[in-house]
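>>> I would like to see how this sequence folds:
(chains A, B, C and D)
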Protein chains: 2
Amino acid sequence: MTTEPRLEPRREQLLNAADRVVQREGPSASMNAIAAEAGITKPILYRHFGDRNGLIGALTERHTAGLLAAVRSALNEPLERRDRVEHVLDVYLAAIESRPQVYRLLTHPEPGDPTGAGNALAPALRQIAEEITRAVQQQIDLGQDGPLLSETWGRSITGMVLAAGDWWLETRPCPRARMVQALADLLWGRLAAAADLPPMLTAPEA
Amino acid sequence: MTTEPRLEPRREQLLNAADRVVQREGPSASMNAIAAEAGITKPILYRHFGDRNGLIGALTERHTAGLLAAVRSALNEPLERRDRVEHVLDVYLAAIESRPQVYRLLTHPEPGDPTGAGNALAPALRQIAEEITRAVQQQIDLGQDGPLLSETWGRSITGMVLAAGDWWLETRPCPRARMVQALADLLWGRLAAAADLPPMLTAPEA
DNA sequence: ACTGCGCTGTTACCTCCGGTAACATGGCGG
DNA sequence: CCGCCATGTTACCGGAGGTAACAGCGCAGT
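Here you go, the predicted structure:
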């Protein structure tokens, strides 16, 4: 995105090394470890990327493109609305399932930057949220509240799928298709539509 | 929760100091800074709390109780379902609004612990998620999929409100009541029910 | 052929952090 | 008077991110 790969080959090699280390050790890999994997020492890394945030930023930018493109394309698939939503959910879950370590990096980077933090959504996820917002705005008629609702919902849906996806990856409580159904059902208001259950008595042991 | 306050007064004093520092400097405050605020030096902190995670853990436990109790009570309010949900949302947003730094600590702690991380939901939020799960299970008839759906939805709703709440707190795009409406509308399937918008043509500039 | 420049690389160091070891002090019940 | 226990200290360790200073190498330009 920022520069063509062919123009900065050394940078690409270093990013490849960093990628390998992060796959192996997680996003908290040290700069020393990355430098060692690349067969060099720290100062070179800093020359190329400025600081740690620059490195992991460049690393995430690489992978963000793919996920973002997949989600965007899913959002514009010519399907019935419910099928489209299910498709988007499935694409996201399939992505985090196929390469968990990569997407852990995108979804849960080490904050590091104390300025303006306190945000649940990492940059890659913010981009996804914006994509959802845009899609909602373009495809659905929400009246005059459209802008506020679509902005809110973009972030909300992203946070929802993020939390659900993390939990699903960790505990694998069900196959992917069922998870997609559960999330789509929630968005389709099944929580609101389902019948009441009789209130629990104080002693249900009888 | 773990110990009565009166039994360990020193510990409470230290936690008070830590609290002050975290309010002032955010969750990444150093142990030295906390010790200095308490008028002592590091080793005493480590004697009382073991390590940094112990300290911030004790600190979060303190505040978690209040938020959790508020949410739980809201979940059991005898209202119509929509009103109850709105009430829960409002309680949560009011809480993070009233003391943002405190709830930033609960919702976005410094990970620190590399084992088993990669989870979007901090401990306090996991407890909220469980509370929602329990409420859904007790109050709503979801058929035989109940357990899976309620577990999924508990996490999902928590993640959704977390992301939306963070964004709302940061940018304040609307008053709280409107935010509550936007979120409740999403849960009530308005995304599914709203009318289609005509597909954008390739050149809408004409 | 020499010079300058830009890129690659190194060693050695700084500061700050979480965490620990070793030692000193003071109150208090037996 | 004696332990004992909690309180407190200074001084240190290893490792993190980050930087300064220096060294080689290839390759233009004159």
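>>> strands of chain A, start to end?
A:140-141, A:195-196 (DSSP state E).
>>> counting contacts, what elements does the last one pack onto?
Strand A:195-196 makes packing contacts with strand B:140-141 when contacts are defined by 3 or more C-beta pairs under 8 Å, 6 or more residues apart in numbering or on different chains; DSSP states H and E. All C-beta atoms are positioned from the backbone trio N, CA, C, and that covers glycine.
>>> sheet partners, orientation included, of the strand it packs on?
If you go by DSSP bridges, strand B:140-141 pairs up with strand A:195-196 (antiparallel).
>>> tell me the mean pLDDT over the strand it pairs with?
Mean per-residue pLDDT for strand A:195-196: 84.
>>> next up, the contacts around residue A:57.
By C-beta atoms under 8 Å, 6 or more residues apart in numbering or on different chains, the contact list for residue A:57 reads A:49, A:123.
>>> mind listing what residue A:82 touches?
So residue A:82 contacts A:184, A:188, B:192 (C-beta under 8 Å, 6+ apart).
>>> point out the least confident one among these.
Lowest pLDDT among the contacts of residue A:82: residue B:192, 92.
>>> nearest residue to that one other than its sequence neighbours?
residue A:188 (4.5 Å; C-beta to C-beta, 6 or more residues apart in numbering or on different chains).
>>> thinking again about what came up before, put together TSV for the contacts of residue A:82, with neighbour count and distance to DNA strand D on each row.
Converted to TSV, the contacts of residue A:82 look like this (neighbours: other C-beta atoms under 10 Å in any protein chain shown; distance: C-beta to the nearest atom of the strand, whole Å):
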residue	neighbour count	distance to DNA strand D
A:184	19	40
A:188	19	44
B:192	16	45
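>>> of the strands of chain A, which is nearest residue B:160?
strand A:140-141 (17.8 Å; C-beta to C-beta).
>>> tell me the mean pLDDT over the closest one?
Strand A:140-141 comes out at a mean pLDDT of 92.
>>> so where's the longest helix in chain A?
helix A:146-171 (DSSP state H).
>>> what helices or strands is that one leaning on?
Here helix A:146-171 touches helix A:81-98, helix A:100-107, helix A:123-139, helix A:176-187, helix B:146-171, helix B:176-187, going by 3+ C-beta pairs under 8 Å, 6+ apart.
>>> which one of these has the poorest average confidence?
Looking at those, the bottom one is helix A:100-107 with a mean of 88.
>>> quick one on the thing from earlier: just say which of the helices and strands packed on helix A:146-171 is most tucked in.
Mean neighbour count (mean count of other C-beta atoms under 10 Å in any protein chain shown) peaks for helix B:146-171 among the helices and strands packed on helix A:146-171, with a mean of 23.
>>> what angle do it and helix A:123-139 make?
Angle between the axes of helix B:146-171 and helix A:123-139 is 90 degrees (criterion: axes from the mean of the first three to the mean of the last three C-alpha atoms, to 10 degrees).
>>> between helix B:146-171 and helix B:81-98, how big is the angle?
Using the same axes, to 10 degrees: helix B:146-171 against helix B:81-98 is 40 degrees.
>>> return the distance of the longest helix of chain A from the chain's centre.
On the basis of C-alpha atoms, centre = their mean, to the nearest Å, helix A:146-171 sits 9 Å off its chain's mean C-alpha point.
>>> who in chain A is up against DNA strand D?
Contacts of chain A with DNA strand D, taken as C-beta under 7 Å from any atom of the strand, map to A:30-33, A:42-43, A:46, A:50-53.
>>> give me that answer again for 10 Å
A:25, A:28-36, A:41-47, A:49-56, A:110, A:112-113 (C-beta under 10 Å from any atom of the strand).
>>> which ones among these map onto helices?
Counting by DSSP H, the residues of chain A next to DNA strand D contribute A:25, A:31-36, A:42-47, A:49, A:52-56 to helices.
>>> are stretch A:173-183 and chain B in contact anywhere?
Yes: legend: contact between stretch A:173-183 and chain B by C-beta under 8 Å from any C-beta of the partner chain is shown at A:173-174, A:178-179, A:182-183.
>>> re earlier: could the helices and strands packed on helix A:146-171 go into CSV alongside distance to DNA strand C?
Converted to CSV, the helices and strands packed on helix A:146-171 look like this (distance: least, C-beta to the nearest atom of the strand, whole Å):
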stretch, distance to DNA strand C
helix A:81-98, 30
helix A:100-107, 22
helix A:123-139, 25
helix A:176-187, 36
helix B:146-171, 23
helix B:176-187, 34
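>>> now the ones you listed in CSV, with distance to residue B:67?
CSV is the format used below for the helices and strands packed on helix A:146-171 (distance: least, C-beta to C-beta, whole Å):
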stretch, distance to residue B:67
helix A:81-98, 29
helix A:100-107, 24
helix A:123-139, 24
helix A:176-187, 23
helix B:146-171, 12
helix B:176-187, 16
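>>> wait, which of the ones you listed is closest to residue A:197?
Nearest to residue A:197, of the helices and strands packed on helix A:146-171 and by C-beta to C-beta, is helix B:146-171 at 9.1 Å.
>>> just want the angle from the closest one to helix B:100-107.
Between helix B:146-171 and helix B:100-107, the angle comes out at 150 degrees (the same axes, to 10 degrees).
>>> orientation of helix B:146-171 relative to helix A:176-187 in degrees?
60 degrees.
>>> could you report the neighbour count for residue A:10?
Neighbour count of residue A:10, defined by other C-beta atoms under 10 Å in any protein chain shown: 12.
>>> wait, doesn't it sit right on residue A:45?
No: in this structure residue A:10 lies outside contact range of residue A:45 using C-beta atoms under 8 Å: 11.1 Å.
>>> what sits closest to residue A:185 if chain neighbours are left out?
Per C-beta to C-beta, 6+ apart, closest to residue A:185 is residue B:149, 6.9 Å.
>>> contact partners for the one you found?
Taking C-beta under 8 Å, 6+ apart as the test, what residue B:149 contacts is A:182, A:185-186, A:190, B:136, B:142.
>>> domain map for chain A?
Following automatic domain parsing, one finds the domains of chain A at A:1-50, A:60-186.
>>> okay, now the last one: how far is its last residue from its first?
Between the opening and closing residues of domain A:60-186 lies a distance of 30 Å (C-alpha to C-alpha, to the nearest Å).
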